[in-house]
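J.: Next come a sequence and a model predicted from it.
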Amino acid sequence: DAFEGRLVHIHLTGLNQKTAPVSIRETVSFSNAELPKALPLLAERVGQGVLLSTCNRTEVYTVGDDLNGASDEIRAFLSDYRGVDVDELSPHLYDKVDAEAARHLFQVAAGLDSMIVGESEVLGQVRNALSTAAEHQSVGGPASRLFHAALRTGRKVREETDVGRNALSIGYAAVRLAQQVLGSLDGRRVLLIGAGEAGRLVARALQTTGVAGLAIANRTPERAEELADALNGRAGPLDEIDAELVEADIIIAATEAPEYVLMADAIASATRTCRRSVFLFDLSVPRNVDPAAGELNGVSLYNVDDLSAIAEENLKGRERAAADAQKIVEAEV
């Protein structure tokens with residue numbers, strides 16, 4: 001390892017749901033498909049680094065000698081790669097170094113820094129960030145050890161505290177929001193756009209609510225069919241969803257597409273045909289639904305930032321467990 005036997009610094013620059021709205025977070029988000037191209041470019045600037053990007057955060061972790069230059073290099077990387085002005089990003093970015101950076105990563109892995117405290121998906125996302133960085137040779141020994149320690153901390157928190165017990169996922173939180181807005185979901189018809197992990201979580205949550213039917217649309221029809229078979233739904237290609245839009249009471253978008261997959265005019269046409277209220281939830285970052293759809297009569301459009309009330313409700317029942325988890329984090333730091 002290039003840093004063997006030398007004193008190095010840990011540096012983190014990032015933003016999350018606490019510092020930036022979804023309109024900013026989506027400008028610097030990275031899908032799994034983009035990481036093979038982005039990571040080598042990041043490594044050219046910072047020497048070695050790990051890029052952690054989820055619906056609620058984009059964070060760059062690096063280890064090296066130059067503590068002062070890392071922040072500027074990471075900002076320049078995000079700005080250049082995404083074509084976003086640094087001045088637009090800077091008010092939303094935070095910098096953490098050494099123990100503070102480690103503490104933050106351990107809290108992330110433990111689910112303590114999530115919008116939904118205790119949610120379990122983030123531990124897998126931290127693991128995937130590390131494995132992808134290793135696969136593309138953008139991470140060395142010190143950063144690797146840091147992330148392995150974070151994963152160990154996350155597992156320990158889940159094994160030794162109640163922070164993850166009966167925790168909501170983002171998918172379950174979205175369904176709870178729908179129940180708050182619509183009341184009972186019994187008999188409602190649902191269109192789910194996206195058959196990835198986020199879509200699966202939403203679909204499983206919907207199964208417990210008494211919905212009358214579940215239609216699943218995906219760019220890859222085979223994945224939609226696989227999920228539909230498992231959940232007694234029906235599947236269809238993404239480019240043939242007009243008929244499903246007309247039938248749906250609830251539409252949930254949860255894909256990794258970097259652009260809108262559902263435009264306002266398609267929603268307008270469907271609501272004119274069915275003449276009923278539609279609950280539309282955009283679970284994706286970058287957003288998959290044209291925000292103009294929220295201005296249509298009879299359409300209620302929500303995104304991940306609208307889960308804050310659900311998140312606060314979830315936290316009230318987990319304060320004791322979160323305090324126990326934080327003690328483990330401090331010991332591991």
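T.: On my side now, so go ahead.
J.: right, and the secondary structure at residue 59 would be what?
T.: Classification of residue 59 by DSSP: H, G, I helix; E, B strand; the rest coil places it in strand.
J.: and it, what does it touch?
T.: For residue 59, the contacting residues are 12, 13, 14, 15, 16, 51, 52, 53, 108, by C-beta atoms under 8 Å, 6 or more residues apart in numbering. Glycine gets a C-beta too; all of them are placed from N, C-alpha and C.
J.: try 10 Å this time
T.: 12-16, 50-53, 74, 93-94, 96, 101, 104-105, 108, 113, 126, 129 (C-beta atoms under 10 Å, 6 or more residues apart in numbering).
J.: what does residue 276 give?
T.: With C-beta under 10 Å, 6+ apart, residue 276 has these contacts: 246, 248, 249, 298.
J.: from these, which would you call buried?
T.: 248, 249 (16 or more other C-beta atoms under 10 Å).
J.: Dump the contacts of residue 276 to TSV, plus secondary structure, distance to residue 164 and pLDDT.
T.: Formatted as TSV, these follow (DSSP: H, G, I helix; E, B strand; the rest coil; distance: C-beta to C-beta, whole Å; pLDDT from 0 to 100):
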residue	secondary structure	distance to residue 164	pLDDT
246	helix	40	88
248	coil	32	89
249	coil	32	89
298	coil	38	87
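J.: Just give me the closest of the contacts of residue 276 to residue 194.
T.: residue 248 (14.1 Å; C-beta to C-beta).
J.: so what's the closest one up against?
T.: Residue 248 neighbours (C-beta under 10 Å, 6+ apart): 188-192, 213-215, 241, 270, 274, 276, 278-280.
J.: repeat for residue 7
T.: With C-beta under 10 Å, 6+ apart, residue 7 has these contacts: residue 65.
J.: Likewise for the one 4 residues further on?
T.: For residue 11, the contact set (C-beta under 10 Å, 6+ apart) comprises 46, 49, 60-64, 66-71, 73-74, 95-98, 101.
J.: Not counting its neighbours along the chain, what's nearest it?
T.: Excluding its sequence neighbours, the residue lying closest to residue 11 (C-beta to C-beta, 6 or more residues apart in numbering) is residue 70, at 4.0 Å.
J.: Residue 30 reaches residue 37, doesn't it?
T.: Yes - using C-beta atoms under 10 Å, residue 30 is in contact with residue 37, at 9.4 Å.
J.: which one of those two has more residues nearby?
T.: The neighbour comparison of residue 30 against residue 37 (other C-beta atoms under 10 Å) goes to residue 30, with 23 against 11.
J.: how far is the helix or strand bottoming out on mean pLDDT in the chain from where the chain is centred?
T.: Sorting the helices and strands of the chain by mean pLDDT, DSSP states H and E puts helix 308-316 at the bottom, at a mean of 73. Distance, stretch centre to chain centre, for helix 308-316: 17 Å (C-alpha atoms, centre = their mean, to the nearest Å).
J.: so what's the residue nearest to residue 11 up against?
T.: 9-13, 45-47, 49, 60-64, 95, 97.
J.: likewise residue 137?
T.: 39, 40, 43, 48.
J.: how about the strands in this structure?
T.: Along the chain, the segments classed as strands by DSSP state E run 9-16, 49-54, 57-64, 94-97, 189-193, 213-218, 234-237, 250-253, 278-282, 299-303.
J.: and the angle for the third one with strand 49-54?
T.: Translated: strand 57-64. In terms of direction (axes from the mean of the first three to the mean of the last three C-alpha atoms, to 10 degrees), strand 57-64 departs from strand 49-54 by 170 degrees.
J.: Alpha carbons only: can I get strand 57-64 in PDB?
T.: Taking Å, rounded to 0.1, in the frame of the first residue of the first chain, the C-alpha atoms of strand 57-64 are listed here in PDB:
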ATOM      1  CA  ARG A  57     -26.700  11.400   0.200                       C
ATOM      2  CA  THR A  58     -23.700  11.700  -2.000                       C
ATOM      3  CA  GLU A  59     -20.400  11.500   0.000                       C
ATOM      4  CA  VAL A  60     -16.800  11.200  -1.100                       C
ATOM      5  CA  TYR A  61     -14.300   9.600   1.300                       C
ATOM      6  CA  THR A  62     -10.600   9.900   0.700                       C
ATOM      7  CA  VAL A  63      -7.400   9.100   2.500                       C
ATOM      8  CA  GLY A  64      -4.100  10.900   1.900                       C
END
